[in-house]
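*Asks:* Dropping the sequence and predicted coords here.
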Amino acid sequence: MPDVLVLVDHDGERVHKSTYELLTAARRLGDPAAVVVEPPGTAARLKEALARHGATSVYAAESPEAGEFLSTPAVDALELAVREVSPAAVLVSATTDGKEVAGRLAARLDAGLLVDAVDLDSSGVATQVVFGGSYTVRSQVTHGLPVIAVRPGSFESEERPVEAGERQLALPPVDRAASARITARRAVLAGDRPELTEATVVVSGGRGVAGADGFKVVEELADALRGAVGASRAAVDAGYYPHQYQVGQTGKSVSPQLYIALGISGAIQHLAGMRTSKTIVAVNKDPEAPILELADYAVVGDLFAVAPQLAQEVAARREAG
Amino acid sequence: MNIVVLVKQVPDTAAERTLSEADHTLDRENADLVLDEINERAAEEALMLKETVGAEVTVVSMGPGSALDAIRKVLAMGADRGIHICDDRLRGTDVVTTAKVLAAAVRTVEDVDLVLAGNATTDGQASAVPAIVADLLGLPQLTHARELTVDAGRVRAEREAENGEATLDAPLPALVSVTEKINEPRYPSFKGIMAAKRKPVETVDLDDLFPDVDDTGLLVSRTHVMEAVPRPARAAGIRVTDDGSAGRRLVDYLIAQKLV
């Protein structure tokens, strides 16, 4: 079987779940091979976890400056790996960084690029959902190597222990005139909540939450359901909640198992970011709110009464067992 | 300083968007086309730099005849000149080819210091074109910037992505893509709109941009859309009016659906 290269998302200590999902997706096309771009010495820490999830090879592209520059080291590493092993495909996570890496790699290799795949079959046909969930598109790379950015959350991460071979890739020095240096990083403070785009439950608040204080109700329900908090553009624009939590056309696209919309009217802008959620629950005082029309379970009522009751009831049922 | 702004005309996200049945490309005839709102902020950032440090601002757009409206709007906001890439052979072009064509147009502008773009357009959302253009031009990419400073031959940006925020630094020339957080774009004044009519817009096609290349090599589509199916509208589900017990009843539903 040919190798299918998977770019590993990690924080130096831990491999991100989206990478395990890529390894699952890669198995449909060939032998998953993980490419780790990192400062020297961290490959050993990640190798065991990667092998446990089915990576038959681990390519370590180590360089002291790997973490210091935006995207370029990852693009260089994948380009190098592709030229060495002639893989059947390259998979990256369709994150902000991943989509850019995939695009730059495809341009350098004159390869075919597919972005935001939600499914992939054994012949390399990718399923994409476009225009905020209004169309399902099936596309294929017809010329050159397929470079595919897979949307996080689209595949199950599976444990599939294998023996992983290891190989070093010699990363070239970064061209300083053509690369942006990362001079500071600040992690987004999400507390204990899951990342919005990876969460299986998302609870979002809109203008109906009526203020930053009101978002406590949204957060408490999210915590009861062990989910992430989102916000509509109206709520973000009104300053109720930080921008990084915005769900919608110009914010994040989410596709959780359960999406709960509190006090959100359902402008097309917002629907575009959450319409592919598996189950949608909406609570809104206004019986005419468009989001109630597409909810699987719509409650016409006051979110400040419904959400705390729901949170309490979930906690009570959990305790009962 | 020479600044190039890349803009795109897109269907208004406030309306439904459809794909044509014939070739799965955007149905433009039935769409309300506007200058993409994030691109508008890239243009605003260029015009602010023009006012503070002095710059010649060139706006570049690829698209059919109607894309000229998007260019004129940025000229009306205060940009100096436009380049309209218009060629029927570019219909339905993919992300990589789009970036190659845009990069070629940027190369026609002399001594470019800064290329500005929106971080994503609201139609394609691949969000990769600016980074690819940077790679093709050999420029540092400072993408997803919510804050931008240009000073003493260097550019600094505050990047915002899902895995956190970062400060980026690079020498000019560079490419910066901005998020919708960066500014509030100005409205063109009446005077600006009148002046825009007299500003130069050069229309170019693929033969102008790639005079030495056999276009079959460039234009070969590397991806093929096999099928595009409208997703069925979500059927309205259960609807209740809260009588004081909706939260409790909702739990039963969530448990039945195995969601709790």
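*Replies:* Arrived safely. Numbers count the residues shown, from 1 in each chain, chains lettered A, B, ... in the order given.

*Asks:* Quick one: the strands in chain B, in order.
*Replies:* In chain B, the strands defined using DSSP state E lie at B:2-7, B:9-11, B:33-35, B:56-62, B:81-85, B:114-118, B:141-151, B:154-161, B:164-171, B:174-178, B:201-204, B:223-230, B:238-241.

*Asks:* Looking at the ones you listed, spot the one closest to B:Leu68.
*Replies:* strand B:81-85 (5.6 Å; Cβ to Cβ). For the C-beta atoms, the positions are set from N, CA and C on the backbone; glycine is no exception.

*Asks:* Sheet partners, orientation included, of that closest one?
*Replies:* strand B:56-62 (parallel), strand B:201-204 (parallel) (DSSP bridges).

*Asks:* what does that strand contact?
*Replies:* By Cβ atoms under 8 Å, 6 or more residues apart in numbering or on different chains, the residues outside strand B:81-85 that reach it are B:56-63, B:67-68, B:71-72, B:74-75, B:101-102, B:105, B:108-109, B:199-205, B:209.

*Asks:* List only those of those flagged as buried.
*Replies:* Neighbour counting by 16 or more other Cβ atoms under 10 Å in any protein chain shown classes B:56-63, B:67-68, B:71-72, B:74-75, B:101-102, B:105, B:109, B:199, B:204, B:209 among the contacts of strand B:81-85 as buried.

*Asks:* re the thing from before, adding distance to A:Gly239 and mean pLDDT, write the strands paired with strand B:81-85 out as JSON lines.
*Replies:* Compiled in JSON lines, the strands paired with strand B:81-85 are given as follows (distance: least, Cβ to Cβ, whole Å; pLDDT from 0 to 100):
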{"stretch": "strand B:56-62", "distance to A:Gly239": "31", "mean pLDDT": "97"}
{"stretch": "strand B:201-204", "distance to A:Gly239": "39", "mean pLDDT": "97"}
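
*Asks:* Reformat these as CSV; add distance to A:Asp110.
*Replies:* What follows is those, written out as CSV (distance: least, Cβ to Cβ, whole Å):
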stretch, distance to A:Asp110
strand B:56-62, 20
strand B:201-204, 23
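
*Asks:* where in the stretch 101-250 of chain A is pLDDT low?
*Replies:* Along the stretch 101-250 of chain A, the model assigns pLDDT under 70 to residues A:131-133, A:188-191.

*Asks:* Next, the contact list for the closest residue to chain B within the stretch 101-250 of chain A, please.
*Replies:* Relative to chain B, the nearest point of the stretch 101-250 of chain A is A:Gly103 (3.1 Å; Cβ to the nearest Cβ). By Cβ under 8 Å, 6+ apart, A:Gly103 lies in contact with A:Leu113, A:Val115, B:Val95, B:Val96, B:Ala99, B:Ala126, B:Ala128, B:Val129, B:Ala131, B:Ile132, B:Asp135.

*Asks:* List phi and psi for it.
*Replies:* Main-chain dihedrals, A:Gly103, degrees, to the nearest 10: phi -60, psi -50.

*Asks:* excluding its backbone neighbours, what's nearest it?
*Replies:* B:Ala128 (3.1 Å; Cβ to Cβ, 6 or more residues apart in numbering or on different chains).

*Asks:* wait, doesn't the one you found sit right on A:Leu105?
*Replies:* No. Counting by Cβ atoms under 8 Å, B:Ala128 sits too far from A:Leu105 to count as a contact (10.1 Å).

*Asks:* Check the burial of the closest residue to chain A within the stretch 51-200 of chain B by counting its neighbours.
*Replies:* Among the residues of the stretch 51-200 of chain B, B:Ala128 lies nearest to chain A; the distance is 3.1 Å by Cβ to the nearest Cβ. Neighbours of B:Ala128 under the rule other Cβ atoms under 10 Å in any protein chain shown: 29.

*Asks:* now swap in A:Pro2 and tell me
*Replies:* Using other Cβ under 10 Å: A:Pro2 sits among 12 other residues.

*Asks:* what's it in contact with, if anything?
*Replies:* Contacts for A:Pro2 (Cβ under 8 Å, 6+ apart) come out as A:Gly30, A:Asp31, A:Ser86, A:Pro87, A:Ala88.

*Asks:* and the two most separated of these?
*Replies:* Largest pairwise distance in those, by Cβ to Cβ, is 12.8 Å, between A:Asp31 and A:Ser86.

*Asks:* Of these two, which one has the most company?
*Replies:* Neighbour count, other Cβ under 10 Å: between A:Asp31 and A:Ser86, A:Asp31 has more, with 17 against 10.

*Asks:* so where do the helices sit in the stretch 1-150 of chain B?
*Replies:* B:37-52, B:67-77, B:95-107, B:129-137 (DSSP state H, counting those that start in this stretch).

*Asks:* I'd like those as TSV, with mean pLDDT appended.
*Replies:* Compiled in TSV, the helices of the stretch 1-150 of chain B are given as follows (pLDDT from 0 to 100):
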stretch	mean pLDDT
helix B:37-52	95
helix B:67-77	96
helix B:95-107	94
helix B:129-137	97
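
*Asks:* Tell me which of those helices sits most buried.
*Replies:* helix B:129-137 (a mean of 26; mean count of other Cβ atoms under 10 Å in any protein chain shown).

*Asks:* who does that one touch, helix- and strand-wise?
*Replies:* Applying 3 or more Cβ pairs under 8 Å, 6 or more residues apart in numbering or on different chains; DSSP states H and E, one finds that helix B:129-137 makes contact with helix A:96-109, strand B:2-7, helix B:95-107, strand B:114-118, strand B:141-151, strand B:174-178.

*Asks:* Report the angle between the longest one and strand B:174-178.
*Replies:* Between helix A:96-109 and strand B:174-178, the angle formed by their directions is 140 degrees, by axes from the mean of the first three to the mean of the last three Cα atoms, to 10 degrees.

*Asks:* next structured bit after helix A:96-109?
*Replies:* strand A:112-120 (DSSP states H and E).

*Asks:* tell me what that next one is packed against?
*Replies:* Using 3+ Cβ pairs under 8 Å, 6+ apart, the elements in contact with strand A:112-120 are helix A:96-109, strand A:126-130, strand A:135-141, strand A:146-150, helix B:95-107, strand B:223-230.

*Asks:* Can you say which of the ones you listed is nearest to A:Arg233?
*Replies:* Nearest to A:Arg233 among the helices and strands packed on strand A:112-120 is helix A:96-109 (18.3 Å), distances taken as Cβ to Cβ.

*Asks:* any idea of the angle the closest one forms with helix B:129-137?
*Replies:* Using the same axes, to 10 degrees: helix A:96-109 against helix B:129-137 is 40 degrees.

*Asks:* Only the C-alpha atoms, please, for helix A:96-109, written as CSV.
*Replies:* Taking Å, rounded to 0.1, in the frame of the first residue of the first chain, the C-alpha atoms of helix A:96-109 are listed here in CSV:
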residue,chain,number,x,y,z
THR,A,96,-7.0,28.0,9.8
ASP,A,97,-3.3,26.9,9.6
GLY,A,98,-4.0,23.6,7.9
LYS,A,99,-5.9,25.0,4.9
GLU,A,100,-3.1,27.5,4.3
VAL,A,101,-0.4,24.8,4.5
ALA,A,102,-2.5,22.6,2.1
GLY,A,103,-2.9,25.4,-0.4
ARG,A,104,0.7,26.4,-0.4
LEU,A,105,1.8,22.7,-0.8
ALA,A,106,-0.6,22.1,-3.6
ALA,A,107,0.7,25.2,-5.5
ARG,A,108,4.3,24.1,-5.1
LEU,A,109,3.6,20.6,-6.3
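
*Asks:* Okay, buried residues for it please.
*Replies:* A:96-109.

*Asks:* now stretch A:268-285, how far from the centre of its chain.
*Replies:* Mean-position distance between stretch A:268-285 and its chain equals 18 Å (Cα atoms, centre = their mean, to the nearest Å).
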